[in-house]
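Here is a sequence with its predicted model. Questions after.
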Amino acid sequence: MTLKIAIAQLNFVVGDLAGNAHKIVGVARQAHAEGARLLLTPELSIAGYAAEDLFLRPAFTEACDAAVHGIAAALADLQDMFVVVGHPHGNSLKSRSVAVQFRHNAASVLKAGRVVATYAKRELPNYQVFDERRYFTPAQDTCVFEVGGISVGLLICEDAWFDAPAQRAKDDGAEVLAVINASPYHVGKEGERVARMADRARAVNLPLVYAHLVGGQDEVVFDGASFVLQADGRLAVQADSFREQLVFAEAKRTQAAIEFVATPSGIAAPREAEAQLWDALVLGVRDYIGKNGFPGAILGLSGGIDSALVLAIAVDALGKDQVRAVMMPSPYTADISWIDARDMAGRMGVRYDEISIRDTFESFKTALAEEFQGRPEDTAEENLQARIRGTLLMALSNKFGSIVLTTGNKSEMATGYCTLYGDMAGGFAVIKDLLKTTVFALARWRNAHDPYGTGTEPIPERIITRPPSAELRPDQTDQDSLPPYDILDGILARYMQDDEGIDEIIAAGYERAVVERVARLIKLNEYKRRQAPVGIRVTHRSFGKDWRYPITSKFNETA
């Protein structure tokens, strides 16, 4: 006895219920034609993940329920096909004028035109980027259904990270665990998932099928890499990461146990961390721009490493014809910055323009001369240059419709080494979750690889090797204002990403004065980060939903 199971590793759009349903119907028919009798789609596949406060709208939940029944009806002719779809599910109880919502993060099993079972998620994550307790009520039931003589126990994402849901499914007769998921990517997450699910399979001695979402949604990216595990935790099947794929696994009964046999899907080859990180950034840019309907992207190309890396990511994501680079030299722009910016734009084949801000900068200083009389030039004049550039880029965006990609990194966002309404002006922050040291490493990796077939080493070597500079005053370098990046980033990784205390960081070998200064800069610049554009999350803690610190606060850890 065998059962062919299909995993629909698909990229959905939040709120596009008709489009998401159409995609599920199409892949269900394809899977059935190839012999599958059970199709698993990712968590909340009807709604898209995460729909955030759309879940609070009764009309949204009702529309999702209607879409579920619509899919069932559309597949009614496939009498022997079971399809699992994820969706919000609940009722409204009205007491006088108050509507109380009971919503679940649910999955329904469809067969022969009907909803034959619905399972509601038990374990609701409420950490990092997750807010599920804001939207959903946990449930306690199990869902075990039979397909082709094999009993399948259904779980949703976080359920499989805990002991009880899987054990209860087994107690109710499950022979295979089917886990549907929407688990955001961060560096190292794929290996962590496989390890935890292997632990779960071994704990209950059941094979496990893990169906995962792929695609970008605002600041998060889902990496796919769906997989199938034997009861002893060994990989039987694994999909590719960062692309849509229909994956098949064949379950076979041997004596009293279920095992998965080899299939053409096989196990995707392991990939290095930099390759996965690059794909996450590329997919994040492609989906944010594509799903929101922008015709292309525009960015300021300075001749520095941050904008160079963003340009390379954008071209890999969108193609050279949808990306435009603008160099905006000031009186302090070095000749090598012009040369390197032109060189890189030529390598990438993008439209490249130069708009000098010299005259505009002088006009601004003239307008402010009386107000600034008797005061030396300082950051006010430096920031004017950045804000002129931001204004020009936004004007081009307004005129031509392309979104402005900002080029600031995580080290700058942490310490406030960025200008509100200047280099922070734009619609999408591509590398806002990359520490500066990661920027350098990723630039070198991209120069050594050509994953999207551009046929060139994109970033001129001098851009990588020259000292970073904002070029807002004569002979300026970043290290005039910041600690060396290897030191700064080490502190940021410990303090911001891993929540280590100041004394712990000092004990690890960092100077107290430097640690306290970095902690102070992080605190002082929270107001800037609140006004920054959304950007791609690639670490386990980013400045965004992961980081929720008050702007107004008198707490001082070093006091």
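Thanks, I have it. Numbers count the residues shown, from 1 in each chain.

Any regions of the protein where pLDDT drops low?
91-101, 468-481, 559 (pLDDT under 70).

how does it divide into domains?
If you go by automatic domain parsing, the domain ranges for the chain are 2-270, 275-469.

want to throw the ones you listed into TSV with distance to Val514?
C-betas here are computed from N, CA, C, even on glycine. Converted to TSV, the domains of the chain look like this (distance: least, Cβ to Cβ, whole Å):
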stretch	distance to Val514
domain 2-270	25
domain 275-469	12
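
So what's the residue count around Lys432?
By other Cβ atoms under 10 Å, the residues close to Lys432 number 27.

Beta-bridge partners for the nearest residue to it once chain neighbours are set aside, please?
Nearest residue to Lys432, sequence neighbours excluded (Cβ to Cβ, 6 or more residues apart in numbering): Gly535, at 3.5 Å. Beta bridges link Gly535 to Ala429 when assigned by DSSP bridges.

and the gap between Gly535 and Leu17?
27 Å (Cβ to Cβ, to the nearest Å).

Ok, Ser265 next?
29 Å.

what's the answer for Arg494, then?
43 Å.

got it, and Pro533?
Pro533 is 27 Å from Leu17, by Cβ to Cβ.

Which one's more surrounded, those two?
Leu17 (21 against 18).

Spatially, what comes nearest to the more buried one if we skip its sequence neighbours?
Ala67 (4.5 Å).

So which bits of the one helix or strand the one you found maps to are buried?
Under the criterion of DSSP states H and E, Ala67 resides in helix 58-74. If you call a residue buried by 16 or more other Cβ atoms under 10 Å, then helix 58-74 has these buried ones: 60-61, 63-65, 67-68, 70-72, 74.

again, but for stretch 320-337
Buried, per 16+ other Cβ under 10 Å, within stretch 320-337: 320, 322-330, 332-333, 337.

In a markdown table, list those along with secondary structure and distance to Val350.
A markdown table is the format used below for these (DSSP: H, G, I helix; E, B strand; the rest coil; distance: Cβ to Cβ, whole Å):
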| residue | secondary structure | distance to Val350 |
| --- | --- | --- |
| Lys320 | helix | 5 |
| Gln322 | helix | 9 |
| Val323 | strand | 5 |
| Arg324 | strand | 6 |
| Ala325 | strand | 5 |
| Val326 | strand | 10 |
| Met327 | strand | 12 |
| Met328 | coil | 16 |
| Pro329 | coil | 18 |
| Ser330 | coil | 22 |
| Tyr332 | coil | 25 |
| Thr333 | coil | 20 |
| Ser337 | helix | 17 |
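
Pick the one among those closest to Arg37.
Arg37 has its nearest neighbour among the buried residues of stretch 320-337 in Gln322, at 41.7 Å by Cβ to Cβ.

Quick check: Arg462 touching Ile336?
Yes. Arg462 is within contact range of Ile336, at 6.5 Å (criterion: Cβ atoms under 8 Å).

How many neighbouring residues does Gly224 have?
29.

got the contact list for the nearest residue to it once chain neighbours are set aside?
Closest residue to Gly224 apart from its sequence neighbours, by Cβ to Cβ, 6+ apart: Val214 at 3.6 Å. By Cβ atoms under 8 Å, 6 or more residues apart in numbering, the contact list for Val214 reads 9-11, 222-224, 241-245, 283.

Done for today, thanks.
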